[in-house]
Structure formats: structure tokens, C-alpha cells
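> Starting from these lines, generate the structure:
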Amino acid sequence: EFKGDRRLYFSVGTMFYDEMEKEPSRGRVFLFGVDDPCSGGKSVHLTTITEINGCAYALGSLDGKLVVAVNTGVSM
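Numbers count the residues shown, from 1 in each chain. All right, here's what the predicted structure looks like:
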């Protein structure tokens, strides 16, 4: 749930594997929205895809913002 938004969301972090790299340099974060979960429906839709410079190791939320741990750093 994001600040001021009562809808539910879930996110998925990915990375592109290249065995020649010491640490992943490309990845993506997918954000999905869930419509009216209380009605028993399972309406899930892709809200956005964001390219990142590395691997998304962890995802969370803080003050209504998506927080992503990318390689050795954290991005908001």
C-alpha cells in the first residue's frame, strides 16, 4: 500500500545473468496492482516496469515508496 493509495501492490525484482560479470549490471522491477481483493476476485495487472542497474536483492516499502536493494546499494 502506498501513501494515500488504498490499493494493494506486489513487486518482483529480476536480474539478467551474465557469467562474465562479477556482479549483475542489469535488472528490472515489476510492480503489479491488485484490484478489489475483498470481492474475492483475482484481478492482477502490471502497473509499471522499471529498468535498474543491477540485481534487485530485496524489495520493501517505506513511507509509501517502493525501496529496492540493488547490488550493494538501496534505491527509492
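
> Please make it C-alpha for all contacts and neighbour counts, starting now.
Noted.

> which residues are in contact with stretch 14-21?
P24, S25, R26, G27, R28, V29, G54, C55, A56 (C-alpha atoms under 8 Å, 6 or more residues apart in numbering).

> so of the residues you listed, which ones are in strands?
G27, R28, V29, A56 (DSSP state E).

> doesn't L59 make contact with L66?
Yes - under the criterion of C-alpha atoms under 8 Å, L66 makes contact with L59 at 7.2 Å.

> who wins for most neighbours among the ones in strands among the contacts of stretch 14-21?
Most neighbours among the ones in strands among the contacts of stretch 14-21, by other C-alpha atoms under 10 Å: A56, with 24 neighbours.

> Bridging across strands, which residues link to that residue?
V70 (DSSP bridges).

> ok, which stretches of the chain are strands?
Ranges of strands in the chain, per DSSP E, are 8-15, 27-35, 43-52, 56-62, 65-70, 73-75.

> Switch those strands over to TSV; also include mean pLDDT.
Listed next are the strands of the chain as TSV, based on pLDDT from 0 to 100:
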stretch	mean pLDDT
strand 8-15	89
strand 27-35	91
strand 43-52	92
strand 56-62	89
strand 65-70	88
strand 73-75	67
